[in-house]
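**Q** sequence first, then the predicted structure, then my questions.
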Amino acid sequence: MRCSVCGEPLQAGDDRCPGCGEAVSPGPPSLPRTVRRCPRCGYRGEGIPYFRRPAHVALLLGMSFFTWGLAGLAYWVLRRSRRICPNCGLSWYEARPDAPPVEQARYSPSGGEEKDLPLPSGGGVRRVTGVGLMVFGAFLALVGLSEGAMEGVLVGCGVGGVGTGAYWWGLRALQERRRAVLQRLQRQVLRLAMRKGGTLTVTEVASELDLSLPAAEKVMVSMDDGFRVRSEISPEGVLYYEFPEVLHRKRLAPGNAG
C-alpha cells in the first residue's frame, strides 16, 4: 500500500504517512491512479496546479506588468488547468503512471512486447509563440525609440524577454523529445537483438524499424559502449554489432555458472 499523496510505501497499521504526514484512510491496498512518476526528476506522487510554482507566478506577474495585463491574462487562461511536477515543473501529463506490478506496466495482457510510453511534447507551440513575442517586442521597442517614448521601449524589452524565455523553453522540450525518441529506438533495437540472437547490422535495424540508414547508424553508434554493445568487423568486412549479454544468456542462466 502507498500514500495517496506522495506515493511513499506504507506499513500495515500506519495511521499516517512517514513521508508527508498525511492521514491514511482505510481502504483496499491499491495504488491510486493519480500517483505518477516524473520521467525527468523521478518524483513520485501527485502533480500540483501550474501556478503553485513560484517561477510561474513571477512570469505571470511580469507578463501582466509589461503588457497591461493582456499577456498575463492569456497566459493564465492557457495554463490554469494544467498540473505539473512540484520538483522540476514538467507537465504532469507527461508523467508515467506508477503501477506496482512491473509486468502490467511493461507488457500487454496477451504477453506481447513492451509498450512504448507516449513521447513528450516537442514544444513547437512554445517556440512559435516565443518567436512571435520577440518580433512583437522588437517592433514595440523600435516604435518607442522612434517616438522617444521610453515606456514603449521598456514594454518592448519586456515582451521580447518573455518571448526569449518561451523560445528557450520550447527548445528544451524539443531536446527532451529527441532524447525520448532515441531511447525508444534503443529499446526497439534491444528487442530486435533478442529476436535475432544477439547480432545486428545497420541494414537489419533500418529494415526492421523502418529507418533510413543514417538514422539506424546513429542509433547503433549511440548504443555502442564497447561493453554491453560492441561493434565488430567480420572477415568479409561487414560491420556488425554484438550484444554479449544476449549472445551468452543461456550460459548465464541459473545453474549454468560452470
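**A** That came through, no problem.

**Q** helix/strand/coil for residue 11?
**A** coil (DSSP: H, G, I helix; E, B strand; the rest coil).

**Q** residues near it, how many?
**A** Neighbour count of residue 11, defined by other Cβ atoms under 10 Å: 8. Glycine gets a C-beta too; all of them are placed from N, C-alpha and C.

**Q** and the pLDDT for it?
**A** On the pLDDT scale, residue 11 is placed at 70.

**Q** next: the one 4 residues further on.
**A** Here, the pLDDT recorded for residue 15 equals 71.

**Q** can you check the one 4 residues further on too?
**A** Reading off the confidence values, residue 19 has pLDDT 64.

**Q** try residue 40
**A** Reported pLDDT for residue 40: 73.

**Q** what of the one 3 residues further on?
**A** pLDDT for residue 43: 78.

**Q** again, but for residue 175
**A** If you check residue 175, the pLDDT there is 90.

**Q** now do the end-to-end distance for stretch 239-250.
**A** Chord length of stretch 239-250, first to last residue, is 25 Å (Cα to Cα, to the nearest Å).

**Q** average pLDDT for it?
**A** Over the span of stretch 239-250, the pLDDT mean works out to 87.

**Q** who's in contact with that stretch?
**A** Residues outside stretch 239-250 that contact it (Cβ atoms under 8 Å, 6 or more residues apart in numbering): 190, 193-194, 197-202, 220, 223-224, 228-234, 252, 256.

**Q** only the buried subset of these, as a ChimeraX command please.
**A** Per 16 or more other Cβ atoms under 10 Å, the buried members of those correspond to this ChimeraX selection:
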select :190,193,198,200,201,202,220,223,229
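
**Q** go through the contacts of stretch 239-250 and flag which are in helices.
**A** Here DSSP state H is the test, and the contacts of stretch 239-250 give 190, 193, 194, 202, 220, 223 as lying in helices.

**Q** show me the two of the residues you listed that sit farthest apart.
**A** Using Cβ to Cβ, the ones in helices among the contacts of stretch 239-250 reach their maximum pairwise distance at 194 and 202, which is 17.9 Å.

**Q** on that earlier part again, of all the ones in helices among the contacts of stretch 239-250, which comes closest to residue 158?
**A** Residue 158 lies nearest to residue 223 out of the ones in helices among the contacts of stretch 239-250, by Cβ to Cβ, at 45.5 Å.

**Q** ok, that closest one - contacts?
**A** The contact partners of residue 223, by Cβ under 8 Å, 6+ apart, come to 186, 189, 229, 241.

**Q** I'd like the residues you listed as CSV, with distance to residue 123 appended.
**A** Formatted as CSV, those follow (distance: Cβ to Cβ, whole Å):
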residue, distance to residue 123
186, 22
189, 26
229, 30
241, 32
